[in-house]
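1. Give me a 3D structure for the following:
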Amino acid sequence: MFVFAWGIGEGILVYRWIKSGAPPTPGALLLPSAIFLSLAVIAEYQPARAVATAFAYAVDLAVLVQIIGKDPKQQTGWPPPAIPDGQLLPSSSPASPASAAPTVQAT
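-> Residues are numbered from 1 along each chain as shown. This next block holds a predicted model:
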């Protein structure tokens, strides 16, 4: 049962991120996964199983109610800016290939 609740919750979050125009970040999916994992551990205790399952689906419902009918207002920074030719890794200040080459001094 928790796999379904977890899948529904993650699906809602992925939908919200895709609606924003970006793929979800791992951190955005980590906290909900931890919540569902902790509920699954609690549900191993037989008397608490029904309450933990109901709470898992209530979390899904609460997240769904928060995002229905609202435009996402988060800044995703997606797609990332293009890296110029001749630069291997993105940096805050693009270096030209000529300035990155080592200089040789004649002695």
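2. so what's the residue nearest the centre of the chain closest to, chain neighbours aside?
-> In the chain, the residue lying closest to the centroid (C-alpha atoms, centre = their mean) is residue 25, at 2.4 Å. Closest residue to residue 25 apart from its sequence neighbours, by C-beta to C-beta, 6 or more residues apart in numbering: residue 17 at 7.8 Å. All C-beta spots, glycine's among them, are computed from the backbone N, C-alpha and C.
3. OK, contacts around that neighbour?
-> 23-25, 28, 76 (C-beta atoms under 8 Å, 6 or more residues apart in numbering).
4. Show residues contacting the helix or strand that residue 51 is a member of.
-> In the assignment (DSSP states H and E), residue 51 maps to helix 49-67. Identification of contacts with helix 49-67 by C-beta under 8 Å, 6+ apart yields 1-2, 5-6, 8-9, 12-13, 15-16, 32, 35-36, 39-40, 42-43.
5. Among these, which lie within strands?
-> Using DSSP state E, no member of the contacts of helix 49-67 falls within strands.
6. Just the buried ones from those residues?
-> Buried members of the contacts of helix 49-67, counted by 16 or more other C-beta atoms under 10 Å: 2, 5-6, 8-9, 12-13, 16, 32, 36, 39-40, 43.
7. still on that earlier bit, just name the lowest-scoring one in the contacts of residue 17, pLDDT-wise.
-> Looking at the contacts of residue 17 by pLDDT, the weakest one is residue 76, with 66.
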